[in-house]
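# Sequence and predicted structure below; questions after.
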Amino acid sequence: MAPNMIALTGRSANSTKPGAGYPWQLRAAGIRKAFGGQTVLDGISLELQRGEVVLLRGANGSGKTTLLNVLTGNLVPDAGEIHLLTNGSSEYFRFPAKWWRTLNPFDHFSPERVCREGLGRSWQDIRLFPTLTLQDNIAVATPAQAMENPIWALLRPSRSTKREKQNLTAARKVLAELGLAGREMSSGDKVSLGQSKRVAIARAVQAGARVLFLDEPLAGLDANGVSEIMGLLRKLAQDEKMTLVIVEHVMNIRRIVDLATTVWTLKDGKLEVKNVGKKATVHRASNGHDLQSWAAELTGMRADVKNQRLPGGAILSTIAPSQDRQGEIVLKVEDLVVHRGRRLVIGIHGEDGQHRGLSFALRRGDLAILQAPNGWGKTTLLEALAGLIRPTYGRIELSGREIQGQTPWECAQAGLSLLQARDHVFPSLTVREAFRLTHVTSIPEGLTHLLNKRMSSLSGGEKQSVATACATNSGAFSVALLDEPLSALDMASLRSFGSSLRNHLKDAAVLIAVPGSLGELG
C-alpha cells in the first residue's frame, strides 16, 4: 500500500530509518552560485542532521530560495560538493561535473534524481495540479507505480488497477488525517490556500521525502490556516522524525522559531548557523500583538481603532486621525454585491431571498485594515473596487464620483491605486522601467541597487518591495488598495513601507487586506 501520514515511507514511526548508522542526511561544502556576475552563494557549507528542524532566514534577495533550489537539484551550483545519505545509499555530487559524467543521462544532478534520494520541497506558488482531485494530487506522487509503464499496464491490467485503488485509498486516508475528509473529489483549484498548502506538503511526503524543504509555508494564511500547517509540521518533525528546512519571512518567523532546532541566516553570500540554545536572539517581528501597536510601529500613527464587523467573520478596522484632523470621505461603498460566476462572494443572502450588500466609507487620512479568513473574498472586493470585476449591483464613489462599472484605467485616472497580491509585476521589464511606467519619482533608497535588474531575476521579497513601491509612490492618488502587501517583506522593506504610508496618509486613504487576524501576524 502507498505510504500515509502514519507510516510516511512504508515503515512505522519506530522502525529503523535509512542510513540509521549515520547522524547526518545531507552535507554540502563550498557551494557557490552566481547570476550575471553577482555572487549569491559564496562558498557555503552545511550539514543536516536526521530529525533537525531548520529555520532559514535572511533579507530580501539574500539567496534563500536559491539555496533551496541548489540543494533540491533545481539549480546546478557553479562549484562545491553535495553528499546525500537519505535512503540508505550514498550519493555524491561534485561541481562542476567532470565531462565524462555528462555523457551518462542517468547520472545527472536533477530534481528527479534528488527526489528519488528522499529530498522533497514545496514552493511559494503551491503547484497543485489544478484539474486533478485532491486525492489524485497525492496518489500521483506515489513512487514506483506499475501503471507508469505502459507495457505493464497492458500486460497486467488487473494488478495495475488494484495498485491504483490502493494508492487512492491511502490518499483518502491522508486527506482525512489532514482534516480534509469529504474534499477528496475537489479539484486543486477549488480549495482554500491553507488546504492546498497542506495537500502540497502531503504530496511531497507521499513521494518518499525524508528531508523536506518548505518555501514560505505560512505565507498568506489566516489564523486557522497557520494553525493547520504548524500542526502538520509538528507532526512531521516530532512524530515522524523528518528533517525540515523552512524558509519564512519576518512576519512569521516567531512561529517557526518555536519549532526549530537550528537557525540558518544568509547574509552577503555566507551562512551563519545557530543552535537551539541561541534561538532567543532571533528577531521577532513585533512585541505588540494588537492592531494599535502594529499600526503605531509601522506608520507612527497613534489613534483610536474603530472596528466594523462584516459578514463571514471579517473585520474592517479603521485607524483615523484625531477628530479635528479628519478629512472628507474619499471612498464610499454602499450595498455592494459581487458574484464570481454564479457564486455570491461579496454580500449575503437575506431571509427574504434578497441580497444584502457591503457598505463602508473611508476618509482622507484613514488607514483601514481588512482582516478576513482565506476564501472570504478580500481579493474579489479590492478588484471590484478597482474595476477589474464588475459588481452585480451597489454603489462605489471615489471622491464623490461614481466609479462602479468603469474600467480599471478610468478608476486609476480618478485617483485609485491597486496592488494585487499576485502577478503584480511585468517580468521582462527592468526595475527602472517598472518605476518609470508607474510614474514613481521617489525611489526608496533600499531599491536603488536593483534598478538595472529585470523583474524576473529578483527574489520574491525584492519583487514584492518593488511592487509595493510602485503602488505607494506612484504620484497622486486619493485611495490605495493593497492586497497582502506585507507578504515576503523583510524588516528594512517593512520600515520603508511604513515610511511611505506616513507620507501618503496626509492626503489619501489606504486600505490594506490581510489574512485572518492581524494580531496573529505580528
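Structure received.

# When you work out contacts or count neighbours from here on, use the C-alpha atoms and nothing else.
Noted.

# Let me know the pLDDT of the closest residue to residue 276 other than its chain neighbours.
Leaving aside its chain neighbours, residue 276 sits nearest to residue 261 (4.8 Å; criterion: C-alpha to C-alpha, 6 or more residues apart in numbering). On the pLDDT scale, residue 261 is placed at 93.

# Tell me who's in contact with residue 261.
Residue 261 makes contacts with 52, 53, 54, 275, 276, as judged by C-alpha atoms under 8 Å, 6 or more residues apart in numbering.

# Could you do residue 306 as well?
317, 318, 319.

# How many residues are close by the closest residue to residue 71 other than its chain neighbours?
Distance criterion C-alpha to C-alpha, 6+ apart; nearest residue to residue 71, sequence neighbours excluded, is residue 82 at 7.8 Å. Residue 82 sits with 22 neighbouring residues when counted by other C-alpha atoms under 10 Å.

# Run through the bridge partners of residue 82.
For residue 82, the beta-bridge partners are residue 28, residue 93 (DSSP bridges).

# Tell me who's in contact with it.
26, 27, 28, 29, 71, 92, 93, 94.

# Neighbour-wise, which one of those residues leads?
Highest neighbour count within those: residue 71, with 24 neighbours (other C-alpha under 10 Å).

# any idea of the pLDDT on it?
On the pLDDT scale, residue 71 gets 94.

# now swap in the one 5 residues further on and tell me
Looking at residue 76, its pLDDT reads 93.

# and the closest residue to it other than its chain neighbours, what helix or strand is that in?
Excluding the flanking residues, the one nearest residue 76 by C-alpha to C-alpha, 6+ apart is residue 70, at 5.9 Å. Residue 70 belongs to helix 64-71 when assigned by DSSP states H and E.

# Which elements pack onto that helix?
strand 53-58 (3 or more C-alpha pairs under 8 Å, 6 or more residues apart in numbering; DSSP states H and E).

# Any buried residues in the strand it packs on, and which?
53, 54, 55, 56, 57, 58 (16 or more other C-alpha atoms under 10 Å).

# Could you do stretch 187-204 as well?
187-189, 191, 193-204.

# hmm, who's touching that stretch?
Residues outside stretch 187-204 that contact it (C-alpha under 8 Å, 6+ apart): 5, 120-122, 126-134, 137-139, 141, 174-175, 178, 180, 212, 217, 220-222, 225-226, 228-229, 232, 374-375.

# Give me the subset of those lying in strands.
The strands, defined by DSSP state E, take in 120, 121, 122, 212 from the contacts of stretch 187-204.

# now the residues you listed in JSON lines, with distance to residue 356 and neighbour count?
Below are these laid out as JSON lines (distance: C-alpha to C-alpha, whole Å; neighbours: other C-alpha atoms under 10 Å):
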{"residue": "120", "distance to residue 356": "47", "neighbour count": "26"}
{"residue": "121", "distance to residue 356": "44", "neighbour count": "24"}
{"residue": "122", "distance to residue 356": "40", "neighbour count": "20"}
{"residue": "212", "distance to residue 356": "46", "neighbour count": "23"}
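
# Closest one of the residues you listed to residue 386?
Of all the ones in strands among the contacts of stretch 187-204, residue 386 sits closest to residue 122, with 32.4 Å by C-alpha to C-alpha.

# Quick check: that closest one touching residue 215?
Yes. Taking contacts as C-alpha atoms under 8 Å, residue 122 lies within contact range of residue 215: 5.9 Å.

# if we can go back for a sec, can you tell me which of the ones in strands among the contacts of stretch 187-204 is closest to residue 391?
For those, the nearest to residue 391 is residue 122 (35.7 Å; C-alpha to C-alpha).

# Can you give me the pLDDT of that closest one?
If you check residue 122, the pLDDT there is 89.

# ok, it to residue 345 distance?
Counting by C-alpha to C-alpha, to the nearest Å, the separation of residue 122 from residue 345 is 29 Å.

# Residue 81 too?
When residue 81 is compared with residue 345 (using C-alpha to C-alpha), they lie 52 Å apart.

# Next: residue 178.
Distance of residue 178 to residue 345, computed by C-alpha to C-alpha: 26 Å.

# Same check on residue 134?
Counting by C-alpha to C-alpha, the gap from residue 134 to residue 345 is 23 Å.

# cool, and residue 372?
13 Å.

# got it, and residue 338?
In terms of C-alpha to C-alpha, residue 338 sits 6 Å off from residue 345.

# picking that back up, higher neighbour count, residue 134 and residue 345?
residue 134 (29 against 17).

# didn't the more buried one look like it was pressed against residue 181?
No. Contact criterion C-alpha under 8 Å: residue 134 and residue 181 do not qualify, at 10.5 Å.

# So for the two, which residues contact both of them?
Taking C-alpha under 8 Å, 6+ apart as the criterion, residue 134 and residue 181 both touch residue 175.

# So residue 59 sits against residue 490, correct?
Yes. Using C-alpha under 8 Å, residue 59 makes contact with residue 490 at a distance of 5.6 Å.

# Sort out which residues of stretch 438-452 are buried, please.
Under 16+ other C-alpha under 10 Å, the buried positions of stretch 438-452 are 438, 440, 443, 444, 450, 451.

# For residue 451, list the residues it contacts.
So residue 451 contacts 430, 431, 432 (C-alpha under 8 Å, 6+ apart).

# picking up where we left off before, can you redo the contacts of residue 261 as a markdown table with pLDDT and distance to residue 151?
Listed next are the contacts of residue 261 as a markdown table, based on pLDDT from 0 to 100; distance: C-alpha to C-alpha, whole Å:
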| residue | pLDDT | distance to residue 151 |
| --- | --- | --- |
| 52 | 93 | 42 |
| 53 | 94 | 42 |
| 54 | 95 | 43 |
| 275 | 85 | 51 |
| 276 | 70 | 52 |
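
# can I get those residues in JSON lines with distance to residue 268?
Putting those into JSON lines (distance: C-alpha to C-alpha, whole Å) gives the following:
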{"residue": "52", "distance to residue 268": "25"}
{"residue": "53", "distance to residue 268": "23"}
{"residue": "54", "distance to residue 268": "19"}
{"residue": "275", "distance to residue 268": "20"}
{"residue": "276", "distance to residue 268": "23"}
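
# Okay, now the unreliable bits of the stretch 351-500 of the chain?
351-353, 475 (pLDDT under 70).

# For it, which segments count as helices?
378-385, 408-413, 431-437, 460-472, 491-504 (DSSP state H, counting those that start in this stretch).

# Likewise for the stretch 151-300 of the chain?
Using DSSP H, counting those that start in this stretch, helices in the stretch 151-300 of the chain cover 157-177, 193-206, 223-234, 253-257, 291-299.
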